[in-house]
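Asker: here is the input, now give the coordinates:
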Amino acid sequence: MKNTSSLPSDALLCALVIAPNTYARNRFFDFFRNPRMARVRRRAAFLRGIIRQLVGHKGLRGELVCEQVLDDGRVLFRLDVRELALSRTTALSPLEASLVRYAAARAGAGSPTAEDRQRIETAVVKLARELPRPHLDSPAG
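Answerer: Numbering: from 1, shown residues only. Purely as a prediction, here's the structure:
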C-alpha cells in the first residue's frame, strides 16, 4: 500500500473527484492526518459540489453560462440555477476545470474535450507509474 502523503496532489484530486471512495479512512490513516491531503480532500469536495449543481437533482439543474480563461491560466466558471435564483462563480485551475467537465459529462451534462481527457489521464497515471495508462472513454467496470 502506498503512502498517500508522497503521492502528487493533482493525481489524488483526480481520484477523489472521479472515484471519491477510493481512499478509505480505515486504510489510509496518513491521508486524513496530513494537512496537504486535507486541502486536496476539501478541494475535491468543492469540485464535486459544482458537478452536482451542473448535473442537477429533482429538476434543479445548473447551467454553465460562462467559461472564460483568465490571464493567469485559470478558468472562470459561472453557473446559474434559475429555479433557485442561484448564481455561482469560481476560478478553477485547468485540471479542476477538466475534472468538472469530465465528471459532469459522465453524468450526462456536457462533454469534455480531448485536452480535458489528456490532462486528467496525465495526472491519474502518477498514482501508479507501473500500471497501464487509463483510458477514460472505456466503460466503467
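Asker: please count neighbours and contacts with C-alpha atoms only from this point.
Answerer: Noted.
Asker: what is the least confident helix or strand in this protein?
Answerer: helix 29-33 (a mean of 69; mean pLDDT, DSSP states H and E).
Asker: secondary structure element for Ile51?
Answerer: helix 35-55 (DSSP states H and E).
Asker: which neighbouring elements make contact with the following helix or strand past that helix?
Answerer: Per DSSP H and E, the first helix or strand lying C-terminal to helix 35-55 is strand 63-69. Packing contacts for strand 63-69, counted by 3 or more C-alpha pairs under 8 Å, 6 or more residues apart in numbering; DSSP states H and E, involve strand 75-81.
Asker: which other residues reach the strand it packs on?
Answerer: Outside strand 75-81, the residues that touch it by C-alpha atoms under 8 Å, 6 or more residues apart in numbering are 53-54, 60-70, 86-94, 97.
Asker: write the ChimeraX selection for whichever of the residues you listed are buried.
Answerer: Listed next is the ChimeraX selection for buried residues among the contacts of strand 75-81, using 16 or more other C-alpha atoms under 10 Å:
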select :53,54,61,62,63,64,91,92,94,97
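Asker: which SS class is Arg88?
Answerer: Following DSSP: H, G, I helix; E, B strand; the rest coil, Arg88 is assigned to strand.
Asker: what bridges to it?
Answerer: Leu79 (DSSP bridges).
Asker: for the one 4 residues further on, same thing?
Answerer: For Leu92, the residues forming beta bridges with it (DSSP bridges) are Val75.
Asker: check contacts around it.
Answerer: Counting by C-alpha under 8 Å, 6+ apart, Leu92 has contacts Arg74, Val75, Leu76, Phe77.
Asker: re the thing from before, export the helix holding Ile51 as PDB, just CAs?
Answerer: The C-alpha trace of helix 35-55 is given here as PDB (Å, rounded to 0.1, in the frame of the first residue of the first chain):
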ATOM      1  CA  PRO A  35      -2.600  18.900   6.100                       C
ATOM      2  CA  ARG A  36      -1.700  18.900   2.400                       C
ATOM      3  CA  MET A  37      -4.100  15.900   1.900                       C
ATOM      4  CA  ALA A  38      -6.800  17.700   3.900                       C
ATOM      5  CA  ARG A  39      -6.600  20.600   1.300                       C
ATOM      6  CA  VAL A  40      -6.800  18.100  -1.600                       C
ATOM      7  CA  ARG A  41      -9.900  16.500   0.100                       C
ATOM      8  CA  ARG A  42     -11.600  19.900   0.600                       C
ATOM      9  CA  ARG A  43     -10.900  20.900  -3.000                       C
ATOM     10  CA  ALA A  44     -12.300  17.600  -4.300                       C
ATOM     11  CA  ALA A  45     -15.400  18.100  -2.300                       C
ATOM     12  CA  PHE A  46     -15.700  21.600  -3.600                       C
ATOM     13  CA  LEU A  47     -15.500  20.400  -7.200                       C
ATOM     14  CA  ARG A  48     -18.000  17.600  -6.600                       C
ATOM     15  CA  GLY A  49     -20.400  20.300  -5.400                       C
ATOM     16  CA  ILE A  50     -20.100  22.100  -8.600                       C
ATOM     17  CA  ILE A  51     -20.600  18.900 -10.500                       C
ATOM     18  CA  ARG A  52     -23.700  18.100  -8.500                       C
ATOM     19  CA  GLN A  53     -25.100  21.500  -9.400                       C
ATOM     20  CA  LEU A  54     -24.400  21.000 -13.100                       C
ATOM     21  CA  VAL A  55     -25.900  17.500 -13.200                       C
END
